[in-house]
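Novice: Here is a sequence with its predicted model. Questions after.
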Amino acid sequence: MKIKIRNEEPKDYRRVEEIAREAFWNLYFPGGHEHYVVHKMRSHPDFIKELAFIIEADDEIVGGIFYTNSKIVSEDNKEFKTISFGPVFISPEFHRKGLGKELVTHSIQVAKEMGYRAILTLGYPYHYEPYGFLGGRKYNVSMSDGKFYKGLLVLPLYEGALDGIFGYAYFSDVFDVKEEEVDKFDKSFPSKEKKYQKSQDEYEIAVSMLDE
Ligand SMILES: CC(C)(COP(=O)(O)OP(=O)(O)OC[C@H]1O[C@@H](n2cnc3c(N)ncnc32)[C@H](O)[C@@H]1OP(=O)(O)O)[C@@H](O)C(=O)NCCC(=O)NCCS
C-alpha cells in the first residue's frame with residue numbers, strides 16, 4: 001500500500017466529508033455530526049489550515065485530521081493558546097493498519113515545527129496515550145466545570161511547555177452544532193439510518209469517567 005499524507009485541498013472536501021460520515025455514523029450516538037463539523041470548520045476563525053491533513057492509500061483518500069485553536073484559561077483569567085485535533089478518522093475498511101497513527105504522528109510533528117505549545121484533545125485514552133498524551137489531571141488542566149475527565153488528553157509540544165500553566169480547557173465553538181443544521185447538511189448525502197449500536201454504550205460511560 002502506497003501511503004501519502006498531504007494538506008487538504010478544496011477538491012478533497014466532499015470525499016473527506018463522506019469518509020468522516022462513514023467513520024462516525026452511529027459510532028458514538030445514533031447518526032453523526034463530524035462530517036458537518038469538518039464542513040463548517042474550514043471557514044471558521046479557529047481553523048488551522050496548515051494542520052488539516054488527509055491521508056491517501058494507493059492514491060485514494062482514506063482519512064483526515066483537523067485542528068482548531070483552543071486554550072487553557074487560568075484561575076486568574078490568563079489565556080494560554082493551545083491547539084486541538086478532532087475529528088480524526090480513517091475509512092472503516094482501513095482501520096488498524098497504522099494509517100491513523102501516521103496522520104496523528106505527522107500532524108504532531110508539524111505542530112511542533114510551527115511552535116505551538118500543546119495539544120488538548122478529547123477521546124479515548126487508548127487512542128492517544130501511545131503518542132504521549134496524558135490525562136489532564138497530570139498537568140492540572142480540567143474541563144470548564146473544574147472536573148478532571150479521563151477523556152481530556154494533553155500533550156506538551158516542547159520541554160517545559162506547560163510548566164506553571166494550569167486551568168480550564170476551552171475548545172472552539174465550531175463543535176457546538178445544532179441537530180437541525182446537521183440534519184439539513186446530511187440530506188445532501190445518500191440516506192443512512194440512525195440507529196443504536198453497542199459502541200454508543202462504551203462512549204456513554206467513557207464521557208463521564210473521572211480521572212481519580
Ligand atoms: C481512531 C482511528 C482514527 C484510528 O485509526 P486507525 O488507522 O484504525 O488506527 P491505527 O491502526 O493507526 O492504530 C494506532 C494505535 O492506536 C490504538 N488504537 C487504534 N484503534 C484502536 C481501537 N479500536 N482499540 C484500541 N486501540 C486502538 C492502538 O494502540 C493502535 O496500535 P496497534 O494497532 O498497533 O495496537 C479510527 O479507528 C477511526 O477512524 N475511528 C472512527 C472515528 C473516531 O473514533 N475517531 C477518533 C475520535 S475523533
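Specialist: The structure has been received and is ready for your questions.

Novice: CA atoms of the longest helix seen in the chain as CSV?
Specialist: Longest helix of the chain, by residue count under DSSP state H: helix 99-113. The C-alpha trace of helix 99-113 is given here as CSV (Å, rounded to 0.1, in the frame of the first residue of the first chain):
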residue,chain,number,x,y,z
LEU,A,99,-2.9,4.9,9.0
GLY,A,100,-4.4,6.8,11.9
LYS,A,101,-1.0,6.6,13.6
GLU,A,102,0.7,8.1,10.5
LEU,A,103,-1.7,11.0,10.5
VAL,A,104,-1.5,11.8,14.2
THR,A,105,2.3,11.4,14.3
HIS,A,106,2.8,13.6,11.2
SER,A,107,0.4,16.3,12.4
ILE,A,108,2.0,16.4,15.8
GLN,A,109,5.4,16.8,14.2
VAL,A,110,4.2,19.8,12.0
ALA,A,111,2.5,21.4,15.0
LYS,A,112,5.8,21.2,16.9
GLU,A,113,7.7,22.8,14.0
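
Novice: mind checking how far the residue most central in space within the chain is from the ligand?
Specialist: The geometric centre of the chain, computed from its C-alpha atoms, lies nearest to Gly86 (Cα atoms, centre = their mean), at 1.3 Å. Gly86 is 4 Å from the ligand, where distance means Cβ to the nearest ligand atom, to the nearest Å. Where C-beta positions appear, they are placed from N, C-alpha and C, glycine not excepted.

Novice: quick one: buried residues of the strand or helix carrying that residue?
Specialist: Element membership for Gly86, per DSSP states H and E: strand 79-90. Within strand 79-90, the residues scored as buried using 16 or more other Cβ atoms under 10 Å are Phe80, Thr82, Ile83, Ser84, Phe85, Gly86, Pro87, Val88, Phe89, Ile90.
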